[in-house]
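Q: Dropping the sequence and predicted coords here.
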Amino acid sequence: MSPAPFPRATLAIVFFLSGVAGLGYEVVWGRWLHSVFGASAWALAAILSAFMAGLALGGFTAGRLGHRLRIDPLTAYGVIEIAIGVWALLLPRLLDLVVVVQGRFFFQWVEQHTLYGLVRFALSFLVLLVPTSLMGATFPLLAGYVARRSDAPTRWVGWLYGLNTAGAVAGTVVAGFVLVARFGLAGSNLLLAGVNFGVGLAAIARARVDRSRSGAALAGARPAGAPEALQPRRVAPAGGGRASLYPLILALFLVNGVFNLAHEVLWARALALIIGTTTYALSVMLAVFLAGIAAGSLWMTRRLHRLRDPLATLLRIQAAMALWVLASPLLVNLLPHLFLRGLWALGIGWASSLALKCLLSALLLLPLTLGMGAVFPLGIQLAFRGREDLSREVGDLYGVNTAGGIVGAFAAGFLLVPLVGVEGGLAVTALGHLLVVLALVLASRPGRERLRRHRWRWSAVVGVALVLPSVTGWDPLILASGVYFQPRMFYDPDGRVVLTELMSQASLRYHAEGAGATVDVLEAPGGFRALAINGKSVATSNYYDYRVQRLLGVLPLLLHPAPRQVLVIGLGTGMTSGTGSIDPATESLEIVEITAEVVGASDSFREWNLDVLRNPRTRVVVEDATHYLRFVDRRYDVITSDPIHPFVSGAGDLYSIDAYETARSKLATGGVFCQWVPLYQLAAPDIDSILRTFDEVWKNATVWVTGKDFILCGARDGYLADFQSIRAKATGDAYSEVLRRLGFWTPEEVFSAYIGRLAGLRRHFAAAAVNTLEHPFLEFSAPRAIFLTSDAANLARLLEGAAMEDPDFLADAPPDLFRALAARRPCTELVWAGFIADRRGDPGTATRLARRAFDRCPRLGYVRHFAAHTLQAYAGSIRATEPGRALALLRQARELDPYTPEIAAAISDLEAAPRSR
């Protein structure tokens with residue numbers, strides 16, 4: 001009896017759309033897991049492991065039990081698609097329940113970071129296991145349906161796998177670039193559920209058509225009462241001895257799952273150093289990875305009927321994949337240079353950088369992922385044992401492959417990276433992949449026969465694999481450079497890439513790789529240091545960063561009369577935390593840092609951060625800050641938020657209305673909240689969104705300018721501090737030392753940074769988007785501005801729109817304070833204009849403005865401080881060509897500002913330079 005016809009176009013469309021929905025859910029649900037884990041590595045591990053486990057369980061179960069169903073496979077497939085959509089609609093409420101359970105019963109384990117993470121992982125895993133298991137069941141059921149109706153079942157199953165993976169590529173791009181940005185999480189989830197419902201109903205309708213057309217014709221071909229779909233038809237095996245290969249193929253697929261997912265996790269970490277960790281960069285990486293698998297599967301499916309020895313082909317692909325991973329460090333070191341050259345050729349911009357990130361990801365990943373995709377149709381061909389119903393083979397292979405993926409993903413992220421790093425992890429997995437495959441092949445008779453025939457060739461492969469790790473290696477300085485973040489600094493005036501020359505002048509003071517990030521501390525000539533996370537410089541010891549970090553620490557202490565309980569969000573260099581510990585009234589300083597490796601890195605800044613980690617009042621908690629604040633049973637007098645730039649994926653959560661409301665709920669009476677906001681690499685709508693979101697929660701917010709950044713502060717019940725208490729604090733030893741180094745030589749000078757209440761800017765941001773966890777506006781908007789040199793324009797716009805009010809929020813501010821501030825306003829405005837010129841890259845104008853301010857107000861500390869900075873910056877620019885003049889400028893700077901030790905250090909460094917040549 002010939003196979004019954006089947007609707008090829010219909011199946012191709014529905015399974016493609018099923019792939020779209022599946023990966024769309026992975027993107028959307030992964031963000032929803034921030035409510036459980038925060039934006040941590042545990043959220044990524046949970047979503048990846050749950051998907052792998054569910055696909056494995058569903059695939060294996062459907063493959064083993066699908067033939068027992070009392071309905072035909074296509075109807076069962078349709079019902080399951082609808083069930084996935086129903087569960088998707090229930091998922092938000094179920095995750096809310098997980099949040100309540102873990103907060104109520106397990107939060108006491110928060111300082112046992114791994115244990116607490118595993119508990120939350122298990123709870124989320126269980127909730128996600130049901131829909132992902134249903135997803136896993138769809139492929140074997142559809143494969144069984146097709147196999148009964150095709151003369152080339154293995155070929156059609158390969159096509160289905162490739163089409164479903166192509167749908168996954170589309171789902172990644174649509175969800176990562178459009179859906180969440182436009183419709184939010186709930187809206188995106190609803191749309192994806194609608195896709196499931198549509199696919200399910202289409203499959204059920206098609207099954208009814210099949211039954212009506214074939215029922216009469218097939219009635220005599222099966223026993224009474226048994227559906228046609230349940231009657232397997234035995235056919236001759238595709239090749240002699242094929243069944244004996246089945247255990248070997250299963251073992252190879254398990255091994256492939258382990259190592260392929262380990263490679264995916266490790267390559268994602270490596271590429272993050274080159275193309276960044278914005279939501280778009282992560283979507284590009286995943287889309288390219290899946291596109292390679294889809295293309296490999298579809299390509300091999302077309303070639304299956306031409307292969308004389310599929311097992312030999314499978315083994316060659318395994319060897320090629322391992323060798324590519326081992327040789328890849330030779331390419332990895334070139335990718336930052338290629339990115340910079342391509343960016344210069346195409347023009348520095350968001351769209352061109354996105355195209356380059358896609359191209360570079362493909363260059364590195366496609367040779368590996370094409371092999372991954374080719375393996376599946378080969379495995380189906382080899383595993384086919386002559387049965388009409390392929391669902392068991394598909395379910396077994398799909399199940400063991402994805403089960404191996406769970407082990408590989410978890411082991412790579414949480415074991416290999418912390419133990420041997422990303423580069424070492426790739427070497428271990430590639431060698432392990434090759435050796436385990438060879439061991440499995442040697443354990444089977446067909447495999448031994450093939451290896452014996454080509455033993456010299458395979459010996460050479462193993463030899464090359466063992467030698468490659470010793471002759472290749474990554475350049476950690478090049479990878480820590482963050483070319484995706486500030487590429488302009490790596491070109492000379494003619495557009496030549498000078499990355500190697502610049503980075504050769506730096507030294508690596510600290511390097512650590514953990515489950516969530518790669519953390520480096522770089523030191524440049526003159527002692528300048530920078531903390532980099534995944535290649536992005538997040539904090540430095542330079543003039544502008546030092547000012548904002550220190551002011552962010554001291555400002556809320558001044559605005560609260562007795563800050564006994566202080567919490568700092570984000571450790572970074574520790575400068576903000578260290579400054580936040582100087583008040584004698586402070587009894588407890590809690591620091592919540594999401595990246596464990598940053599704790600070690602902060603030791604490289606001990607001379608700037610007052611050695612805060614060794615302060616007996618200090619306690620560090622490694623956790624997502626919003627999650628921690630949501631459940632901690634404590635009230636704080638001061639909460640200081642020092643997040644990283646909102647273009648980094650997940651960082652925008654700390655600029656959301658949800659985070660602000662959570663922080664406000666944890667403040668004691670009169671408590672003060674202050675947050676850092678960057679002016680650079682953000683467009684005006686991004687700044688406006690942050691301002692409006694902050695204003696929604698903090699109606700008494702105040703705005704303080706530092707240069708290329710600003711600080712927003714709000715009080716829970718109104719500011720309790722009075723000017724006399726601020727004066728008393730500022731003149732004390734602990735405060736005065738910090739304030740003098742910021743250029744505030746008298747208590748009144750602190751208010752030179754104050755530009756007015758946030759309410760005075762409402763006319764500018766009234767129509768801006770509110771950033772929420774549900775609608776993460778900044779997550780998708782901020783990365784588009786990454787190449788804008790916008791800090792000068794944003795600062796000018798902020799100053800022009802501000803009310804320039806007196807600090808009348810203070811209860812007893814004396815009139816003479818307001819008169820003094822008014823008299824100094826012209827000098828303050830000259831300093832602000834100097835900031836703008838400096839950030840526009842016009843040091844000559846900045847120096848002239850500083851000189852004018854000094855001539856007018858020579859006694860003001862912040863004027864002298866800025867004038868000294870302009871001289872120091874100019875001295876640095878001519879240091880190599882005119883060292884004598886540079887030294888004279890530095891000595892003038894020291895006379896202007898004797899309180900900044902970096903000036904003295906630069907003088908010492910330059911004076912020592914001739915003797916060291």
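A: Cool, got the structure.

Q: Just give me the longest strand of this protein.
A: If you go by DSSP state E, the chain has its longest strand at strand 667-678.

Q: and Ala530, what element?
A: When secondary structure is defined by DSSP states H and E, Ala530 falls within strand 529-533.

Q: Same check on Arg619?
A: strand 618-622.

Q: one step back: chain center to the helix or strand following the longest strand of the chain, what's the gap?
A: Moving toward the C-terminus from strand 667-678, the next helix or strand (DSSP H and E) is helix 684-697. Relative to the centre of its chain, helix 684-697 is centred 23 Å away, using C-alpha atoms, centre = their mean, to the nearest Å.

Q: now the strands: where do they sit in the stretch 701-850 of the chain?
A: With DSSP state E, counting those that start in this stretch, the ranges of strands along the stretch 701-850 of the chain come out as 702-705, 709-715, 754-757.

Q: thinking Trp299 is in contact with Leu370, fair?
A: Yes: contact criterion C-beta atoms under 8 Å: Trp299 and Leu370 qualify, at 7.3 Å. From N, CA and C alone the C-beta is placed, and that goes for glycine too.

Q: which one is Phe751 nearest to, not counting chain neighbours?
A: Leaving out its chain neighbours, the residue that sits closest to Phe751 by C-beta to C-beta, 6 or more residues apart in numbering is Pro807, at 5.3 Å.

Q: Walk me through the domains of this structure.
A: Using automatic domain parsing, the domains assigned to the chain come out as 8-212, 244-470, 479-538, 551-812, 814-917.

Q: can you tell which of those domains is closest to Tyr544?
A: domain 551-812 (4.4 Å; C-beta to C-beta).

Q: Off-centre distance for that closest one?
A: That offset, for domain 551-812, works out to 23 Å (C-alpha atoms, centre = their mean).

Q: and it, how far apart are its ends?
A: 23 Å (C-alpha to C-alpha, to the nearest Å).

Q: Against Gly424, how distant is Leu415?
A: 12 Å (C-beta to C-beta, to the nearest Å).

Q: Tabulate the strands of the stretch 701-850 of the chain in CSV, adding columns for distance to His869, mean pLDDT and mean neighbour count.
A: What follows is the strands of the stretch 701-850 of the chain, written out as CSV (distance: least, C-beta to C-beta, whole Å; pLDDT from 0 to 100; neighbours: other C-beta atoms under 10 Å):
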stretch, distance to His869, mean pLDDT, mean neighbour count
strand 702-705, 15, 96, 24
strand 709-715, 15, 96, 23
strand 754-757, 20, 93, 21
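
Q: Distance to Leu129 added to the ones you listed, as a markdown table?
A: Converted to a markdown table, those look like this (distance: least, C-beta to C-beta, whole Å):
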| stretch | distance to Leu129 |
| --- | --- |
| strand 702-705 | 48 |
| strand 709-715 | 42 |
| strand 754-757 | 50 |
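
Q: Tell me which of those strands lies nearest to Glu587.
A: Of all those, strand 709-715 comes closest under C-beta to C-beta, at 20.2 Å.

Q: picking that back up, more neighbours: which of Trp299 and Leu370?
A: Leu370 (23 against 15; other C-beta atoms under 10 Å).

Q: how about the nearest residue to that one, chain neighbours excluded?
A: Gly296 (3.9 Å).

Q: residues touching the one you found, list them.
A: With contacts defined as C-beta atoms under 8 Å, 6 or more residues apart in numbering, Gly296 is in contact with 369-375.

Q: do Ser604 as well
A: Listed by C-beta under 8 Å, 6+ apart, the contact partners of Ser604 are 509-510, 521, 529, 531.

Q: who are the neighbours in contact with the closest residue to it other than its chain neighbours?
A: Among residues not flanking Ser604 along the chain, Val521 sits closest, at 4.2 Å (C-beta to C-beta, 6+ apart). Val521 makes contact with 508-511, 529-532, 601, 604-605 under the criterion C-beta under 8 Å, 6+ apart.

Q: mind redoing it with 10 Å?
A: By C-beta atoms under 10 Å, 6 or more residues apart in numbering, Val521 lies in contact with 480, 507-512, 529-532, 573, 598, 600-605.

Q: and if you look at Gly158?
A: So Gly158 contacts 143, 152, 297-304, 373-374, 376-381 (C-beta under 10 Å, 6+ apart).

Q: Just the buried ones among those residues, please.
A: Buried subset of the contacts of Gly158 (neighbour count, 16 or more other C-beta atoms under 10 Å): 143, 152, 297-298, 300-301, 304, 373-374, 376-381.

Q: Need the domains of the chain in JSON lines (columns: distance to Tyr544).
A: As requested, these are exported to JSON lines (distance: least, C-beta to C-beta, whole Å):
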{"stretch": "domain 8-212", "distance to Tyr544": "26"}
{"stretch": "domain 244-470", "distance to Tyr544": "22"}
{"stretch": "domain 479-538", "distance to Tyr544": "12"}
{"stretch": "domain 551-812", "distance to Tyr544": "4"}
{"stretch": "domain 814-917", "distance to Tyr544": "8"}
